[in-house]
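**Student:** no sequence on this one, just coordinates:
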């Protein structure tokens, strides 16, 4: 009995003409209608040709930069990035607009491209499953987890349409009242960042805040904690014995009363022998498996968990998209990050644009290394109008008689006044100083009067 010849592997599904139609329609459309119809359903990875992936990715960049998308702007962008040849060259770009169907049909062609992309994902996942199951190199648990991730990713589409809401409807729409995790600086489904130089104690400080949130303490520092919320703390840096020691110190300082079971949870790099990479789909899904609506998620820190190889807007794009996706799922996220050489948060400043609150920690000018943890906390971004909530304060960590880690804080009104005086000396106006320091004009006038500039 002879063995039948092996059947050739089926070709991966694709529709090149549909891909070209989508890209060409975007290039010829003077409005954003074609672009919006395409991005409603597609991501760069949904295109089968690498050339088309690059072109669509750069189109998205141009749109986010507020630049019109046409052949000239696209070509200039590709030249700047040295990607022209990778995108097929000038000839390929010019041919994209040949025979383009009506712009109104873009949504239809985008659906075709998206469908082919989902089928390719499933075929690749199936091939990995078959190979892994046959050669015994991969455990069953890992195979099954990868299959689940693929299915979850393929069903998590961008949706088929956007809803247009009339202004009158918005006035009477039934919406939930605004709630806060940390009142008034971080709302539920919000996105925040805490950054500092290495060694300032941002992890320790944030762990204390998470304790307060997980038990529903009345206050944390100068902010209110409206109610207890489930916390998931993803630590990508500390050895688990150091993380344990810090957490034990915080719990001891609160009378050895840990949060209720399930309210405070940790994912730690050294316990799992790996840290999830939040720049990749698999790492994102590994974390999402432990999240539920209403969770307060802490990612400590960006450098350890977002491993893209670069800290510019391109390297950050996929992670930002995921964080916004978590917002829509009812998750509140707090990022921890390092300060760069300039003292600002390290990497692209565009990272700050979509955040609701940004806190910065720094050592005071008279800091001494024997002071364990002593830092000023400044609120650099805040979407509310409560000026007192964003006044800078000093936080200090000391040990009590039982070995507990006790955090205390005090207002730094003198810091605010000193900065305001410097601004007056530079000729800045009251309104400018108020905006910069997050003060009311009345508060600034009081400082001005105090230094004798007013009768």
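**Tutor:** Noted; the coordinates are in hand. Just so we're clear, the structure is a prediction, and the values are computed from it rather than from any experiment.
**Student:** Longest strand in this structure, by number of residues?
**Tutor:** When the chain is parsed with DSSP state E, its longest strand is strand 373-382.
**Student:** can you give me how far it is from the chain middle?
**Tutor:** Chain-centre distance of strand 373-382: 20 Å, with C-alpha atoms, centre = their mean, to the nearest Å.
**Student:** Direction included, what does it pair against?
**Tutor:** Take DSSP bridges as the rule and strand 373-382 pairs in its sheet with strand 357-362 (antiparallel), strand 393-399 (antiparallel).
**Student:** For the helix or strand containing residue 323, buried residues please.
**Tutor:** Secondary structure assignment for residue 323, by DSSP states H and E: helix 313-328. Using 16 or more other C-beta atoms under 10 Å as the test for burial, helix 313-328 gives 313, 315, 316, 317, 318, 319, 320, 322, 323, 326, 327. The way it works is simple: take the backbone N, C-alpha and C, and place the C-beta from them, glycine included.
**Student:** now swap in stretch 216-232 and tell me
**Tutor:** 220, 221, 222, 223, 225, 228, 229, 230, 231, 232.
**Student:** from those, which ones fall inside strands?
**Tutor:** Within the buried residues of stretch 216-232, residues falling in strands by DSSP E are 220, 223, 231, 232.
**Student:** With adjacent residues omitted, what lies nearest to residue 423?
**Tutor:** Closest residue to residue 423 apart from its sequence neighbours, by C-beta to C-beta, 6 or more residues apart in numbering: residue 433 at 4.7 Å.
**Student:** Name the next helix or strand following the worst-scoring helix or strand of the chain on mean pLDDT along the chain.
**Tutor:** Across the helices and strands of the chain, mean pLDDT, DSSP states H and E gives its lowest value to helix 140-155, namely a mean of 60. Moving toward the C-terminus from helix 140-155, the next helix or strand (DSSP H and E) is helix 167-172.
**Student:** now that following helix, how far from the chain's geometric center?
**Tutor:** 30 Å.
**Student:** by contact count, what packs against that helix?
**Tutor:** Contacting helix 167-172 under the criterion 3 or more C-beta pairs under 8 Å, 6 or more residues apart in numbering; DSSP states H and E is no other helix or strand.
**Student:** Residue 13 reaches residue 116, doesn't it?
**Tutor:** Yes - under the criterion of C-beta atoms under 8 Å, residue 13 makes contact with residue 116 at 4.5 Å.
**Student:** hang on, the earlier thing: would you mind giving the ones in strands among the buried residues of stretch 216-232 as CSV with distance to residue 300 and pLDDT added?
**Tutor:** Converted to CSV, those look like this (distance: C-beta to C-beta, whole Å; pLDDT from 0 to 100):
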residue, distance to residue 300, pLDDT
220, 17, 95
223, 19, 94
231, 12, 97
232, 11, 97
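**Student:** which of the residues in stretch 357-366 are buried?
**Tutor:** Neighbour-count burial for stretch 357-366 flags 357, 358, 359, 360, 361, 362, 363 (criterion: 16+ other C-beta under 10 Å).
**Student:** can you pull the contacts of the first one?
**Tutor:** Applying C-beta atoms under 8 Å, 6 or more residues apart in numbering, one finds that residue 357 lies in contact with 182, 185, 186, 190, 192, 193, 379, 381, 382, 383.
**Student:** which among those residues end up buried?
**Tutor:** Counted by 16+ other C-beta under 10 Å, the contacts of residue 357 give 182, 185, 186, 190, 192, 193, 379, 381, 382 as buried.
**Student:** what's the distance between residue 14 and residue 382?
**Tutor:** Distance, residue 14 to residue 382, using C-beta to C-beta, to the nearest Å: 47 Å.
**Student:** Give me the packing partners of the helix holding residue 323, helices and strands only.
**Tutor:** When contacts are defined as 3+ C-beta pairs under 8 Å, 6+ apart, helix 313-328 packs onto helix 50-64, strand 191-196, strand 332-338.
**Student:** just so I have it, where are all the strands in the stretch 1-150 of the chain?
**Tutor:** Counting by DSSP state E, counting those that start in this stretch, the stretch 1-150 of the chain has no strands at all.
**Student:** Show me the shaky parts of it.
**Tutor:** 1-9, 101, 136-150 (pLDDT under 70).
**Student:** could you pull out the helices for it?
**Tutor:** For the stretch 1-150 of the chain, applying DSSP state H, counting those that start in this stretch gives helices covering 16-28, 33-39, 50-64, 71-80, 89-95, 106-135, 140-155.
**Student:** Show me this protein divided up by domain.
**Tutor:** What automatic domain parsing lists as the domains of the chain is 16-155, 180-411, 417-450.
**Student:** Can you redo those as CSV, where the extra columns are distance to residue 174?
**Tutor:** Listed next are the domains of the chain as CSV, based on distance: least, C-beta to C-beta, whole Å:
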stretch, distance to residue 174
domain 16-155, 25
domain 180-411, 17
domain 417-450, 33
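**Student:** Among the ones you listed, which comes closest to residue 171?
**Tutor:** domain 180-411 (21.1 Å; C-beta to C-beta).
**Student:** picking that back up, which per-residue confidence value corresponds to the residue nearest to residue 423?
**Tutor:** Looking at residue 433, its pLDDT stands at 86.
**Student:** okay, the angle between whichever strand or helix holds it and strand 373-382?
**Tutor:** Using DSSP H and E, residue 433 sits within helix 430-437. Relative orientation of helix 430-437 versus strand 373-382 (axes from the mean of the first three to the mean of the last three C-alpha atoms, to 10 degrees): 120 degrees.
**Student:** Just checking the distance from helix 430-437 to the centre of its chain.
**Tutor:** The answer for helix 430-437 is 29 Å, by C-alpha atoms, centre = their mean.
**Student:** related to what we said a few turns ago, tell me which two in the ones in strands among the buried residues of stretch 216-232 are the farthest apart.
**Tutor:** The widest separation within these (C-beta to C-beta) is 20.3 Å, between 223 and 232.
**Student:** what's residue 260 in contact with, if anything?
**Tutor:** Residues in contact with residue 260 (C-beta under 8 Å, 6+ apart) are 215, 228.
**Student:** what's the spacing between it and residue 228?
**Tutor:** To residue 228, residue 260 is 8 Å away according to C-beta to C-beta.
**Student:** Over to residue 295?
**Tutor:** 12 Å.
**Student:** and what of residue 405?
**Tutor:** Distance of residue 405 to residue 228, computed by C-beta to C-beta: 21 Å.
**Student:** Check residue 106 too.
**Tutor:** The spacing between residue 106 and residue 228, counted by C-beta to C-beta, is 48 Å.
**Student:** try residue 120
**Tutor:** Distance from residue 120 to residue 228, counting by C-beta to C-beta: 44 Å.
**Student:** cool, and residue 423?
**Tutor:** 41 Å.
**Student:** cool, residue 306 as well?
**Tutor:** In terms of C-beta to C-beta, residue 306 sits 29 Å off from residue 228.
**Student:** related to what we said a few turns ago, of residue 13 and residue 116, give the one with the bigger neighbour count.
**Tutor:** residue 116 (20 against 14; other C-beta atoms under 10 Å).
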